[in-house]
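**Q** make a model of this:
(2 chains)
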Number of protein chains: 2
Amino acid sequence: MLDEVQKGLEGVLVAESGLSSIDGDAGRLIYRGYDIGDLAEEATYEEVLYLLWHGELPTREELARFTDEMTEERTIDDDVRRTLRGLADAEEAPMAALRTAVSALSADEPEGDADPADLEATRRKGRRITAKVPTILAAFERYRLGEEAVSPDPELGHAANFLYMLTGEAPDDVAAETMDQALILHADHGLNASTFTAMVVASTMADVYSAVTAGIGALSGPLHGGANQDVMEVLLEVDESKMDPLDWVRTATDEGRRIPGFGHRVYNVKDPRAQILQERSEELADASGDTKWYDYTTTIEEYLTEEEGLVEKGIAPNVDFYSGSVYYQLGIPVDMYTPIFAMSRVGGWVGHVLEYQEDNRLIRPRARYVGAEDEAWVPIDER
Amino acid sequence: MLDEVQKGLEGVLVAESGLSSIDGDAGRLIYRGYDIGDLAEEATYEEVLYLLWHGELPTREELARFTDEMTEERTIDDDVRRTLRGLADAEEAPMAALRTAVSALSADEPEGDADPADLEATRRKGRRITAKVPTILAAFERYRLGEEAVSPDPELGHAANFLYMLTGEAPDDVAAETMDQALILHADHGLNASTFTAMVVASTMADVYSAVTAGIGALSGPLHGGANQDVMEVLLEVDESKMDPLDWVRTATDEGRRIPGFGHRVYNVKDPRAQILQERSEELADASGDTKWYDYTTTIEEYLTEEEGLVEKGIAPNVDFYSGSVYYQLGIPVDMYTPIFAMSRVGGWVGHVLEYQEDNRLIRPRARYVGAEDEAWVPIDER
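**A** Numbers count the residues shown, from 1 in each chain, chains lettered A, B, ... in the order given. Predicted coordinates for the structure are as follows:
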């Protein structure tokens, strides 16, 4: 028994894992040994899912089979569609709608009766959930616009098909590639709060629908998944102010405002994912000819790191600082940024569920009791 | 940084709490200082909710207002009903149906836009969820029987109204009192896996709908909430065997079978909740004149504790050992036992969310990375 309360479990090791590793001082992130930069550059999101869930990169044949299975599993049934339409009509928040819809998916799971310890079945269930998340999100977005959902296009990959279902138009190569990279970059990141949530649920040998639903709930919290939206709202504020971005950020910091998208409990230097998304942001700006969002972000980053000296304090741009403006340039509504984070991170949640359940132990910590000890019952009229 | 992996976080203190405390050697459980026996005997479930959420027992006026509010909040909207009907038609598992329906409730939350840090709003949201869980469960049960749901009866308390909505008939006093006690006994129990799940979710400042939905998912796992159902299935097996229960248990243990409902990670002696439920089981048996279920349980307990010497090993009946046969005698379907556990424990989940968010810190542990380190990218055709 450890005597100290481990608030936030900071630094506490709760499991062994071979999925991802973060070197916070070097600014390095690997998935199963592969550098995140290599994966973003060379792999597809489907290939990264295979790597995370199977432990190694697929052969061409394995990847083709895996991708085909995911493509077939994209459709959602009429009950889930009806539920989503009701949630859209009720103006439900997108993350809450996703949470409810993913939870509802289990009713249509063909292996719903599988033994909870059957990890092969769990892997297939996890694949089905992951395949359906973009369909859910795109349908919800279309419904709340008062439009019909767009059916998945089996000719398109996971990322491109999402953009297609969202907008009704097949994305160009830059957009499709950028979306795919964003999914790869967010797929896993150690035991963040949502991944740990999924693990705690899985430790009861609950099924992966429960674990993923819980992960979505955790990611919906403003301290976890909401920061990319916060960054975009700041950039929109810069834009509306009509100020020079350098003047804006100088004024904002002079006023003591905290700019979102900086600092991370794990990284002391620039998040490698931020570096990659910054490059994508520049490419999107070059392709469209509108560089203002890219300029705002780089100006703010330079000012904060150089003038305000955040770098010396170990505070640098994190993944959220650049993902917001990338999604904005892809034409994605601001309140869908966190759901897109979930659409990617479901891969990590499923991977950690599989890994933890393989050598499972129920997660049951303790609290130090600081309440009253021996209260005698007092009848209600004597209170 | 602690160097050892704390598998299952066993014995690790993750928070301070004033909600409940377990003395595993004395077999004692208290909620905010009050002995569980006193609470079961003297309080109503609503009174215990007030105690858990507000920190002290209510005055008569406070309790009346609180109970009135909960009574008014029992109804669920048509969207949730439609979703539940679809889940019943699809033969969804009751815990999964509850998870989806509770998640769906947030769309109808009148304070959905409240600041996540507004704990008074969170307390009201938690009360609304707690008020609606019995309505959800009873409606689901009626729908899967092909019947219409029964509307809540505002004249009945939380426990009695649940039995009424489930069966369509107002319960007698013994049944209503037993149900109320069962809810009190299961309301909180330290940082069990589902409560800890709710806390991890809440630590992101996600809303209480996300936390409770996640808790339901965790409780659905066979290592957590399913044991009372397992016990009842064993008792039904004893009954079908037509054997003398003593012969049955002797044969079963000789064959090396593990009887569910014995042993607990926290208790080394008989769970105080088991003691109370055993008394209720006896009362129900006396009231109905059918004592067989009570006899089976006591015979099995006596044999295992005395003949097999489990007591010396610190293995004694836990709460699940007696709750199953109590629910069976109340006429509740076996697969609703874990949902009833959830219907009670939601009180603890909400209480821990309120307590944790009052002095919040994001829960983000670490894993020891044991995977590959420096994998060079291999093009797909070279794998």
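
**Q** longest helix anywhere in chain A?
**A** What stands out as the longest helix in chain A, according to DSSP state H, is helix A:119-144.

**Q** please name every helix or strand in contact with the following helix or strand past that one.
**A** Downstream of helix A:119-144, the next assigned helix or strand under DSSP states H and E is helix A:158-167. Under the contact criterion of 3 or more CB pairs under 8 Å, 6 or more residues apart in numbering or on different chains; DSSP states H and E, helix A:158-167 touches helix A:45-54, helix A:119-144, helix A:173-186. Every C-beta, even on glycine, is put in place using the N, C-alpha and C of the backbone.

**Q** distance to B:A64, mean neighbour count and mean pLDDT added to these, as CSV?
**A** What follows is these, written out as CSV (distance: least, CB to CB, whole Å; neighbours: other CB atoms under 10 Å in any protein chain shown; pLDDT from 0 to 100):
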stretch, distance to B:A64, mean neighbour count, mean pLDDT
helix A:45-54, 54, 24, 98
helix A:119-144, 41, 22, 98
helix A:173-186, 50, 23, 97
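
**Q** which one of the ones you listed lies closest to chain B?
**A** Between chain B and the helices and strands packed on helix A:158-167, the tightest spacing by CB to the nearest CB is seen for helix A:45-54, at 7.9 Å.

**Q** what about the following helix or strand past that closest one, average pLDDT?
**A** Scanning forward in sequence from helix A:45-54 by DSSP H and E, the next helix or strand is helix A:60-72. Per-region confidence: helix A:60-72 scores 98 on mean pLDDT.

**Q** any idea how far the longest helix of chain A is from the middle of the chain?
**A** 14 Å (CA atoms, centre = their mean, to the nearest Å).

**Q** and what of stretch A:211-221?
**A** Using CA atoms, centre = their mean, the offset of stretch A:211-221 from its chain centre is 10 Å.

**Q** returning to that earlier point: how far off helix A:158-167 does the longest helix of chain A point, in degrees?
**A** 30 degrees (axes from the mean of the first three to the mean of the last three CA atoms, to 10 degrees).

**Q** do helix A:119-144 and chain B meet?
**A** No - Helix A:119-144 stays clear of chain B (CB under 8 Å from any CB of the partner chain), getting no nearer than 11.7 Å.

**Q** A:E16 belongs to a helix?
**A** No - read with DSSP: H, G, I helix; E, B strand; the rest coil, A:E16 is strand and lies in no helix.

**Q** contact partners for it?
**A** B:V5, B:A367, B:R368, B:Y369, B:V370 (CB atoms under 8 Å, 6 or more residues apart in numbering or on different chains).

**Q** out of the residues you listed, which is most surrounded?
**A** Among the contacts of A:E16, B:A367 has the most neighbours (other CB atoms under 10 Å in any protein chain shown), with 24 neighbours.

**Q** confirm that that one sits in a strand.
**A** Yes - according to three-state DSSP, the state of B:A367 is that of a strand.

**Q** how near is the residue nearest to it when sequence neighbours are not counted to A:D23?
**A** Using CB to CB, 6 or more residues apart in numbering or on different chains and skipping residues adjacent in sequence, the residue nearest B:A367 is A:S17, 3.7 Å away. Distance, A:S17 to A:D23, using CB to CB, to the nearest Å: 15 Å.

**Q** please apply the same query to A:I340.
**A** 26 Å.

**Q** who's more crowded, those two?
**A** A:I340 (25 against 15).

**Q** which helix or strand contains that one?
**A** Here A:I340 sits within helix A:337-358, counting by DSSP H and E.

**Q** buried set for that helix?
**A** The neighbour-count check on helix A:337-358 (16 or more other CB atoms under 10 Å in any protein chain shown) flags A:337-357 as buried.

**Q** count of neighbours near A:A227?
**A** What A:A227 shows, counting by other CB under 10 Å, is a neighbour count of 24.

**Q** can you pull the contacts of it?
**A** A:A227 neighbours (CB under 8 Å, 6+ apart): A:P260, A:G261, A:N318, A:D320.

**Q** pLDDT wise, what is the last one at?
**A** Same thing as A:D320. 93.

**Q** give me the pLDDT value at A:D3.
**A** Listed pLDDT for A:D3 reads 83.

**Q** packing partners of the longest helix of chain A?
**A** Packing partners of helix A:119-144 (3+ CB pairs under 8 Å, 6+ apart): helix A:45-54, helix A:60-72, helix A:78-89, helix A:94-105, helix A:158-167, helix A:208-219, helix A:337-358.

**Q** what average pLDDT does the third one get?
**A** Confidence over helix A:78-89, taken as the mean pLDDT, stands at 97.

**Q** contact partners of that helix?
**A** With contacts defined as CB under 8 Å, 6+ apart, helix A:78-89 is touched by A:76, A:96-97, A:100-101, A:104-105, A:107-108, A:136, A:139-140, A:143-144, A:149, B:79, B:82-83, B:86-87, B:90, B:104, B:107.

**Q** for it, which positions count as buried?
**A** Under 16+ other CB under 10 Å, the buried positions of helix A:78-89 are A:D79, A:V80, A:R81, A:T83, A:L84, A:R85, A:G86, A:L87, A:A88.

**Q** now that helix and helix A:119-144, what's the angle there?
**A** Going by the same axes, to 10 degrees, helix A:78-89 makes 40 degrees with helix A:119-144.

**Q** give me the number of residues near A:A149?
**A** 19.

**Q** tally of neighbours for A:D108?
**A** 17.

**Q** ok, it - contacts?
**A** For A:D108, the contact set (CB under 8 Å, 6+ apart) comprises A:I76, A:D77, A:D79, A:V80, B:A90.

**Q** ok, these vs B:L163, which is closest?
**A** B:L163 lies nearest to B:A90 out of those, by CB to CB, at 26.0 Å.

**Q** just the pLDDT at the nearest residue to the closest one once chain neighbours are set aside, thanks.
**A** Here the nearest residue to B:A90 in space, its sequence neighbours aside, is A:A107; by CB to CB, 6+ apart that works out to 4.0 Å. Listed pLDDT for A:A107 reads 97.

**Q** cool, and A:L9?
**A** 96.

**Q** for it, give its distance to B:A15.
**A** Separation of A:L9 from B:A15 (CB to CB) stands at 10 Å.

**Q** which bits of the stretch 151-300 of chain A sit near chain B?
**A** Residues of the stretch 151-300 of chain A lying close to chain B (CB under 8 Å from any CB) are A:190-194, A:196-197, A:200-207, A:209-211, A:213-214, A:216-225, A:265.

**Q** centroid residue for chain A?
**A** A:F341 (2.6 Å; CA atoms, centre = their mean).

**Q** so who does it touch?
**A** With CB under 8 Å, 6+ apart, A:F341 has these contacts: A:H186, A:L219, A:G225, A:N228, A:S323.

**Q** and the furthest pair within these?
**A** A:L219 and A:S323 (13.7 Å).

**Q** A:L9 touches B:V14, doesn't it?
**A** Yes - contact between A:L9 and B:V14 holds when scored by CB atoms under 8 Å: they sit 6.1 Å apart.

**Q** overlap in contacts of these two?
**A** Common neighbours of A:L9 and B:V14 (CB under 8 Å, 6+ apart) are B:I363.
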